[in-house]
Each structure stands twice: as C-alpha cells, then as structure tokens.
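Asks: Quick one: sequence plus predicted model below, questions after.
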Amino acid sequence: MRRINSVSLIGLGAIGAAYGSKLQNLLGDSLTVVANKERIERYQSTGLKVNDDVFYFNYQLPKTSTAPADLVIFAVKNAELNQAIEEVKSHIGPNTIILSLLNGISSEEDIYEATKNEHILYSMCVGIDAVRNNTSTRYSSLGKICYGDKNQCLSSDVLALKDLFDDAHIAYEIADNIWHTIWAKFMFNVGINQTSAVLRAPYGIFQNTPLAYEWAESAMYEVVAISQKVGVQLTEEDMTLYRPILHNLSPNGKTSMLQDMEAGRKTEVEYFAGKVCALGRKFNVPTPVNDQLYKVIQIMEEITKYHK
Ligand SMILES: NC(=O)C1=CN([C@@H]2O[C@H](COP(=O)(O)OP(=O)(O)OC[C@H]3O[C@@H](n4cnc5c(N)ncnc54)[C@H](OP(=O)(O)O)[C@@H]3O)[C@@H](O)[C@H]2O)C=CC1
Ligand SMILES: CC(C)(CO)C(=O)C(=O)O
C-alpha cells in the first residue's frame with residue numbers, strides 16, 4: 001500500500017496557503033514549499049497568515065538537488081505554470097504523484113508534456129472562497145478537492161492521496177469521471193470569474209442579483225455547447241448543480257480573477273475566454289458572450305498597466 005510521507009508544494013497564494021496549512025499541520029517539515037529567494041524572504045519576514053494562524057513553512061530554493069517527493073502539488077496561476085514546472089522538477093521522480101489545483105482545462109496536459117510523469121492525478125478544487133492579501137489568506141469555506149485517475153480507476157495513487165487527505169482533514173471527492181468534473185468547473189469559472197472581474201462584484205452580487213447570474217450563465221452555456229463537440233457532454237444540469245455551490249460561498253468572497261484584477265495582476269482570461277473562443281472557432285460553435293468578455297478583460301488589463 002502506497003503512503004505519502006513527503007509533499008512539495010509550489011505556489012503559496014490563496015489556494016496553496018489554504019491547503020498547505022492543512023498539510024503542514026499533518027506533515028510538519030515533510031511539507032516543502034519551493035520558492036525563489038525573494039519570495040522566501042517575504043514569507044519568512046511575517047510568516048504566512050491563514051485565517052487567524054501564522055505558518056512558517058520549510059522552504060527550498062528552486063532547482064535545489066533533493067530526493068523526489070511522494071507528492072508534488074502545483075498551486076500557481078496558469079501563466080506561471082511553465083516556470084513552476086522547471087523550478088520544482090528536481091522534486092519529481094518516476095513515482096512521484098502530481099496534483100495540479102489550477103483552474104482551466106490545460107494544466108495536467110502541460111505538466112505531462114514537460115515531465116512525462118505517469119502519476120499525474122487530474123483534479124480541481126471547488127467550494128473554496130479563499131481571498132489573499134499579500135501573505136495573508138482568509139477563507140470561510142475550504143471546499144473540497146475533486147480528483148481522479150484519468151483512466152477512471154481506483155489506482156494505488158488515488159488511494160494514497162485519499163489517505164493523505166483523510167489524515168490532513170482535507171475534504172475530497174474521488175470523481176467517477178474527472179475529465180467531466182474538470183470541464184464542469186471550467187464552465188463555472190468561465191461564467192462567474194469573468195463576469196465578476198468585469199463587474200468587480202463579490203459572490204453576494206451573484207447570489208442576490210438574478211440579472212448578474214443570468215449573464216454569468218450565458219457565458220457558461222457556450223462551454224456546454226462546446227463540451228458536446230469534444231465528447232465531454234456537459235448539460236444544463238451541470239449548470240444547475242453549481243447554483244448551490246455559489247450560494248454556499250461567503251457573500252464578501254471574490255473569485256480569483258476579481259482578486260487578480262483588483263491587485264493589478266494579469267488574469268487567467270487567456271485560459272478561460274481565450275480557450276472557449278479558440279475551441280468555438282475550431283468546432284464552429286458561436287461564442288459571442290466570451291468574445292466580448294475576452295476583449296473587455298484584456299482591455300481592463302491594459303488600463304491597469306497604463307495606470308501603474
Ligand atoms: N482563489 C480561489 O478561490 C481559487 C483559485 N483557483 C485556481 O487556483 C490557482 C491558484 O490561484 P490562487 O491561489 O488564487 O492564486 P494566487 O495568485 O493567490 O497564488 C499564486 C501563488 O503562486 C506564487 N508563484 C507563482 N509562480 C511561482 C513560482 N515559480 N515559484 C513559487 N511560487 C510561485 C505566487 O507568488 P507571488 O505572489 O510572489 O507572485 C502566488 O503566491 C489558479 O489557477 C486559480 O484559478 C481554484 C479555485 C479557487
Ligand atoms: C469557484 C471559484 C469561483 C471559487 O472557488 C474559483 O474557482 C475561483 O475563484 O477561481
């Protein structure tokens with residue numbers, strides 16, 4: 001029976017800090033956070049605050065030679081993924097399990113291309129409303145990590161991760177069809193993240209203003225239509241299933257894209273509307289809502305740069 005005793009994590013933002021704090025409580029220094037010198041100094045100077053607790057992690061510089069970890073977790077943004085893969089590569093051995101908590105539908109394939117690792121479990125996290133302010137992260141709900149083997153089997157990797165999550169008190173769900181689950185989350189992000197960034201609206205606005213959520217759903221419909229061309233077969237029921245998830249998030253919570261917009265960071269629009277529009281063109285599916293969101297969000301990013 002496989003056991004996960006050592007974990008390396010890259011990306012200590014909202015998601016990395018939230019789940020990393022749980023793992024550190026269990027593993028202590030057997031959880032290693034990979035980061036460059038500037039980040040490590042920043043994290044060490046104040047500690048990493050997660051809700052009301054302060055964490056001092058075991059840090060390691062990128063590309064340091066090290067024994068492979070049992071599990072490597074990616075929790076960076078999509079545009080940062082390629083660099084993160086290079087920087088954490090020395091932690092990945094032939095038997096290392098890899099988990100990518102990034103949103104979108106491309107990170108697992110990108111990691112596979114770069115590492116050829118055969119132990120990548122597909123995953124996403126849902127129902128978490130973590131908001132980060134520099135080195136401080138606050139959440140009211142930690143949600144759960146949905147994951148699975150892409151061949152839909154209960155492999156020893158899947159079971160080893162289940163034991164780790166049980167021990168660390170991280171809620172999880174082993175998905176029957178993880179690719180469908182990831183696409184459903186992609187659909188939700190395409191709707192809620194992008195419209196929230198444009199409206200600068202926290203979850204409460206979408207919970208209480210039907211017109212705002214209708215707009216988000218109009219972007220989601222385009223993902224449903226495309227999914228049917230790529231064999232994923234999302235339906236309107238997948239959209240309905242996300243409504244209670246939205247209503248469980250803190251009304252003051254903000255999507256990761258709204259947080260990026262407010263902090264003047266580049267957003268993940270390329271991996272949401274950018275991907276939807278490209279797939280729409282490929283499969284001849286009209287994507288008028290995402291076409292506009294793609295343009296508006298890119299313009300907003302330029303305006304932010306202009307004012308910096
Ligand atoms: N926030 C949320 O509620 C949710 C987010 N997600 C997804 O999870 C992913 C992560 O999002 P989130 O946590 O919000 O993003 P954040 O921007 O809060 O965190 C990303 C972190 O990665 C760090 N980082 C980037 N590159 C490197 C590197 N090479 N080495 C070490 N650290 C690095 C950044 O450091 P620095 O700040 O110094 O650049 C930052 O702390 C995204 O794909 C997002 O869509 C999924 C579900 C919910
Ligand atoms: C679902 C949601 C909106 C919060 O968990 C998210 O994935 C994000 O903020 O990126």
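Replies: Great, that's in hand. Ligands and ions are numbered 1, 2, ... in the order given.

Asks: What is the helix or strand encompassing T240 packed up against?
Replies: Counting by DSSP states H and E, the element that carries T240 is helix 236-247. Under the contact definition 3 or more C-beta pairs under 8 Å, 6 or more residues apart in numbering; DSSP states H and E, helix 236-247 sits against helix 178-199, helix 203-208, helix 210-229. To be clear about C-beta, it is placed using only N, CA and C from the backbone, and glycine gets the same treatment.

Asks: For the shortest one, which helices and strands make contact with it?
Replies: The helices and strands touching helix 203-208, judged by 3+ C-beta pairs under 8 Å, 6+ apart, are helix 178-199, helix 210-229, helix 236-247.

Asks: tell me the average confidence for the longest one?
Replies: Spelled out, it's helix 178-199. Taken as a whole, helix 178-199 has an average pLDDT of 98.

Asks: next one: stretch 31-45
Replies: Averaging pLDDT along stretch 31-45 yields 97.

Asks: swap in stretch 231-242?
Replies: Mean predicted confidence for stretch 231-242 is 96.

Asks: Show me which parts of it are buried, residue by residue.
Replies: V232, L234, D238, M239, Y242 (16 or more other C-beta atoms under 10 Å).

Asks: and those residues as JSON lines, adding distance to ligand 2?
Replies: Shown next, in JSON lines, are the buried residues of stretch 231-242 (distance: C-beta to the nearest ligand atom, whole Å):
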{"residue": "V232", "distance to ligand 2": "18"}
{"residue": "L234", "distance to ligand 2": "16"}
{"residue": "D238", "distance to ligand 2": "14"}
{"residue": "M239", "distance to ligand 2": "13"}
{"residue": "Y242", "distance to ligand 2": "8"}
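
Asks: Out of those residues, flag the one nearest to N193.
Replies: Closest to N193 out of the buried residues of stretch 231-242 is Y242 (12.3 Å), distances taken as C-beta to C-beta.

Asks: Let me see the ranges of the strands in the stretch 51-200 of the chain.
Replies: Secondary structure of the stretch 51-200 of the chain (DSSP state E, counting those that start in this stretch): strands at 53-55, 58-60, 71-74, 97-100, 120-128, 131-133, 136-138, 142-148, 172-174.

Asks: Can you give the contact residues for the fifth one?
Replies: Residues lying outside strand 120-128 but in contact with it, judged by C-beta atoms under 8 Å, 6 or more residues apart in numbering, are 15, 18-19, 97-101, 103, 108, 111-112, 139, 141-150, 157-158, 161, 178-179, 181-182, 185, 245, 248-249.

Asks: State the distance from the residue positioned nearest the centre of the chain to Q60.
Replies: Residue closest to the average C-alpha location in the chain (C-alpha atoms, centre = their mean): L102, at 2.8 Å. Using C-beta to C-beta, to the nearest Å, one gets 21 Å for the distance from L102 to Q60.

Asks: Could you do F206 as well?
Replies: Distance from F206 to Q60, by C-beta to C-beta: 40 Å.

Asks: Tell me which of these two has more neighbours.
Replies: F206 (27 against 18; other C-beta atoms under 10 Å).
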